[in-house]
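> sequence-free structure coming up:
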Ligand code: OGA
Ligand code: NI
């Protein structure tokens, strides 16, 4: 299908609020993404219709992603460790995706994390808006019309939390603060989920270090303190899924993503020049490298393009934990990964600067790190010109 090739597009610098004109064109259309209405709507508002060359292929072939037995790796048997390191090295050089099983996260916790999503997303829009994301922030409830863009909107709504391991009960406090006491147990559950993800991410960081010939502690130390994000993705059904995308093509600007998708399926990865689907496997996490980790490895490990498609019948849910560095910690590659054959690929930066760039200038897409590196270099040369 011609639609399966990605198109590189730089999003305008100017913030584009959904103009009244753009919305008025679709008279009778809701001004907000109200899932309870849009899910059964057969006239898809134009803002959600993707251009022909970016429309999804719903029957993409399956990508077979290598599986890591994290439990066996943690036991430290030297054969299991070197096998896991080899598999991860190959996957991350190729596309940056792998599966993790035997990770020790309680399946009851994962099930609850999916079930609790219904409690929030089935609320009236006005209730959800109590936790509405503020302009320039990455946390809270967001749906298409709260963003800066008025075209190629994603067919989803999200609830995101900030998670820092050294700030006690941050997720729980957030929920109680914005949604009230009734959401204390809800906040507690996602607090627990973040703590479990933080632990798994540190273990994976140990494996990633070994796989690059670095010390096991190298990335664990780097990410021991972190400023991460948990995002609950809620994709309502769509009566014309061939026109829309749940999440448009992008690489994650963050460092490492640990995703749990429900049994519906919809995640797609661009590898070997075409889109592939990633089948859900109960009990497995899909792990992928993000732009910031690609920079930390000086480009050895790839942050790969992915997206999510929606379907006509059913809601789809996923939980994405994005491990990120501390906001002001310099992101610079390990010395051993900068060689004569592989010189520096990206300038030093901070996660705070990249996050701001994706919030203020540029929609996270397939070229974020390249565009951001160029921007950093321009800023640096401008600063040099000012005496
Ligand atoms: C994301 C993402 C994919 C999915 O949230 O960054 O890529 O399957 N999600 O929900
Ligand atoms: Ni993503």
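Received it, and whenever you're ready, just let me know what you need. Keep in mind the model is a prediction, meaning the values are calculated, not measured. Ligands and ions are numbered 1, 2, ... in the order given.
> strands of the stretch 101-250 of the chain, residue ranges please.
140-143, 157-163, 228-235, 247-250 (DSSP state E, counting those that start in this stretch).
> any idea how far residue 201 is from the closest residue in space to residue 157 that isn't next to it in sequence?
Nearest in space to residue 157, with sequence neighbours left out and distances taken as CB to CB, 6 or more residues apart in numbering, is residue 143 at 4.1 Å. From N, CA and C alone the C-beta is placed, and that goes for glycine too. Remark: distance between residue 143 and residue 201 (CB to CB, to the nearest Å) = 27 Å.
> same check, this time on residue 69
17 Å.
> which one of those two is surrounded by more residues?
Counted by other CB atoms under 10 Å, residue 69 and residue 201 do not tie: residue 201 has more neighbours, with 24 against 17.
> quick one: pLDDT of the more buried one?
Reported pLDDT at residue 201 in the predicted model: 98.
> got the contact list for the closest residue to residue 184 other than its chain neighbours?
Closest residue to residue 184 apart from its sequence neighbours, by CB to CB, 6+ apart: residue 176 at 5.3 Å. Contacts for residue 176 (CB atoms under 8 Å, 6 or more residues apart in numbering) come out as 183, 184, 187.
> any figure for the gap between the last one and residue 349?
The one in question is residue 187. For residue 187, the distance to residue 349 - CB to CB - is 32 Å.
> one more: residue 369?
9 Å.
> so for those two, which residue has more residues nearby?
residue 369 (23 against 19).
> these two touch, right, the more buried one and residue 299?
No: assessed by CB atoms under 8 Å, residue 369 is found out of contact with residue 299, at 9.2 Å.
> so what sits against both of these two?
In contact with both residue 369 and residue 299: residue 346, using CB under 8 Å, 6+ apart.
> if the residue of the stretch 151-300 of the chain found nearest ligand 1 is in a bridge, with which residues?
With CB to the nearest ligand atom as the measure, residue 267 is the residue of the stretch 151-300 of the chain nearest to ligand 1, at 3.7 Å. Note on residue 267: beta-bridge partners residue 308, judged by DSSP bridges.
> what about it, how many residues nearby?
23.
> and residue 375, by the same measure?
Residue 375 has 18 nearby residues by other CB under 10 Å.
> of the contacts of residue 176, select the buried ones using a ChimeraX command.
To isolate the buried members of the contacts of residue 176 in ChimeraX, using 16 or more other CB atoms under 10 Å:
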select :183,187
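> what's the closest of the contacts of residue 176 to residue 329?
residue 187 (26.9 Å; CB to CB).
> do the lengthiest helix in the chain and ligand 1 meet at all?
Using DSSP state H, we find that the single longest helix of the chain is helix 184-211. No: judged by CB under 6 Å from any ligand atom, helix 184-211 and ligand 1 are separated, with a smallest distance of 13.6 Å.
> centre of the chain to that helix, how far?
15 Å (CA atoms, centre = their mean, to the nearest Å).
> avg pLDDT for stretch 335-353?
95.
> likewise for stretch 44-53?
Rounded mean pLDDT across stretch 44-53 is 92.
> again with stretch 181-188
98.
> list the contacts of it.
By CB under 8 Å, 6+ apart, stretch 181-188 touches 116, 119, 120, 169, 171, 172, 173, 174, 175, 176, 179.
> what about that stretch, distance to the chain center?
For stretch 181-188, the distance to the chain centre is 24 Å (CA atoms, centre = their mean).
> once you drop chain neighbours, what's closest to residue 317?
residue 262 (4.8 Å).
> contacts only, for that neighbour.
Taking CB under 8 Å, 6+ apart, one finds 114, 280, 316, 317, 318 in contact with residue 262.
> and the fourth one, what pLDDT?
Each residue has a pLDDT score; the one for residue 317 is 98.
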